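Trainee: coords please:
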Amino acid sequence: MIRFLIALTAAFFLAIPAAAQKRIALSFDDVPRQVGGFFTPDVRTTRLIAALRKARVEQVAFFLTPGNLEKPDGKGGEARIARYVRAGHVIANHSYSHLWLSRTAASDYIADIDRAAAWLKDRPGYRPWYRFPYLDEGRRDLAKRAEVRAALAARGLANGYVTIDNYDWHIDALATKARQAGQQIDMSALRTLYVETLVGAANFYDRIALDALGRQPIQILLLHETDLNAMFIGAVVEGLRKDGWEVVSIDAAYRDPIATREPDGWFTNGGRVAALAQDAGRAPKDLIDPRTDEAVLTTLFTARVLKGQ
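Mentor: As a prediction, the model looks like this:
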């Protein structure tokens, strides 16, 4: 009888569906980025490091485009990168010149990867990940994609994919333009719009993963080294946690099983979860977050942040 009760109890607990586990890591592209509308690059770095520390985010990835160091706004960029690493974060390859693969010969594209790799070699905090600029893995040119994938493998570079595509950069551009034009910006409304857009994107791709993959991989949020992130990343993290998300390290994220699942289909510019969902038979049109649309975000920004100005 006791054995029966033990077996019955075990069966009951096994029958209970596993609780949802929403996990997310953060990554920032295009480092060092150009001057924004609110801070100098040095101040932006200081604020971003402080905000991540205050939000108890121990490790994010900064994907570097070393060619940006040659631009006027790149002055001091190497020191800022070193500060991110000293704060406990990691760095990885985002190409030297930020090229579109679909518009570039594979040989030239690979040479650009190598140029960035030479800059990154032996630097503290380096991880052997490569993130395609614009998330452009060649679009429908699968032969070109295969050539670049082979080159990455030969160099020991893993795909530094994202899973949560969004247009954080466009909201930042709208805010910069408004500030430069002297328009009145409702900063509280801007923060609310920004947080809800990013949390909404995270949940959008979480739903896709559950539907198409049958599990919840660790999601990787695409962000950029912008002034808005320096101001609002703490609010974004708070919003994610309130919505049930656990923020984990980027190292943990790239140990998820989907890290070794290279998509077969062409639709990779929405991130890995969307690409694997296409492989599972989902239509690309259903895998695009409605707010990854400049016109949609501009309309929301004008109405809510500028109050119709």
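
Trainee: which stretches of this protein form helices?
Mentor: When secondary structure is read from DSSP state H, the chain shows helices at 2-15, 41-54, 77-86, 106-120, 142-154, 168-180, 187-208, 227-242, 250-253, 272-279, 294-300.

Trainee: What is the neighbour count of the closest residue to residue 47 other than its chain neighbours?
Mentor: Leaving out its chain neighbours, the residue that sits closest to residue 47 by CB to CB, 6 or more residues apart in numbering is residue 230, at 4.1 Å. Any C-beta I mention is one placed from the backbone N, CA and C, and that applies to glycine too. The burial count assigned to residue 230 is 23, neighbours taken as other CB atoms under 10 Å.

Trainee: Name whatever forms a beta bridge with the spatially most central residue of the chain.
Mentor: Centre of the chain computed as the mean C-alpha position; nearest residue by CA atoms, centre = their mean is residue 222, 1.4 Å away. Partner residues in beta bridges with residue 222: residue 27, with DSSP bridges as the criterion.

Trainee: wait, it sits on residue 168?
Mentor: Yes: proximity of residue 222 to residue 168 meets the contact threshold set by CB atoms under 8 Å, at 7.5 Å.

Trainee: quick one, what contacts the residue nearest to the centre of the chain?
Mentor: Taking CB atoms under 8 Å, 6 or more residues apart in numbering as the contact definition, residue 222 lies against 27, 29, 135, 162, 164-166, 168, 271.

Trainee: Leaving out the residues flanking it, which one is nearest to residue 264?
Mentor: Taking CB to CB, 6+ apart, and ignoring the residues beside it in sequence, residue 264 has residue 279 as its nearest neighbour in space, at 5.3 Å.

Trainee: where are the low-confidence patches of the stretch 201-309 of the chain?
Mentor: Across the stretch 201-309 of the chain, nothing is flagged by pLDDT under 70.

Trainee: give me the low-pLDDT residue ranges for the stretch 1-150 of the chain?
Mentor: Those would be 1-19, if you go by pLDDT under 70 across the stretch 1-150 of the chain.

Trainee: let's see 50
Mentor: Residues of the stretch 1-150 of the chain meeting the criterion pLDDT under 50: 1-17.

Trainee: Any idea how far apart the tips of stretch 259-277 sit?
Mentor: Taking CA to CA, to the nearest Å, the first and last residues of stretch 259-277 lie 14 Å apart.

Trainee: Buried ones in that stretch, by neighbour count?
Mentor: Of the residues in stretch 259-277, those buried by neighbour count under the rule 16 or more other CB atoms under 10 Å are 259, 262-263, 265-277.

Trainee: Show residues contacting that stretch.
Mentor: Here stretch 259-277 makes contact (CB under 8 Å, 6+ apart) with 132, 134-140, 142, 145, 149, 158-159, 161-165, 205, 208-209, 211-213, 217, 219-220, 222, 258, 278-279, 284, 287-288, 292.

Trainee: Show the buried residues in those.
Mentor: In terms of neighbour count (16+ other CB under 10 Å), the buried residues within the contacts of stretch 259-277 are 132, 135-139, 145, 149, 158-159, 161-165, 205, 208-209, 212-213, 217, 219-220, 222, 258, 278-279, 287-288, 292.

Trainee: Those residues in strands, which ones?
Mentor: In this view, these that belong to strands under DSSP state E are 158-159, 219-220, 222.

Trainee: Identify, from those residues, the entry nearest to residue 192.
Mentor: Each of those was scored against residue 192 by CB to CB, and residue 222 proved nearest at 20.5 Å.

Trainee: Any figure for the gap between that closest one and residue 110?
Mentor: As judged by CB to CB, to the nearest Å, residue 222 and residue 110 stand 23 Å apart.

Trainee: and if you look at residue 293?
Mentor: Separation of residue 293 from residue 110 (CB to CB): 32 Å.

Trainee: Apart from its chain neighbours, what residue comes closest to residue 202?
Mentor: Here the nearest residue to residue 202 in space, its sequence neighbours aside, is residue 164; by CB to CB, 6+ apart that works out to 5.4 Å.

Trainee: I'd assumed residue 134 was in contact with residue 100.
Mentor: Yes: here residue 100 lies in contact with residue 134, judged by CB under 8 Å, at a distance of 5.7 Å.
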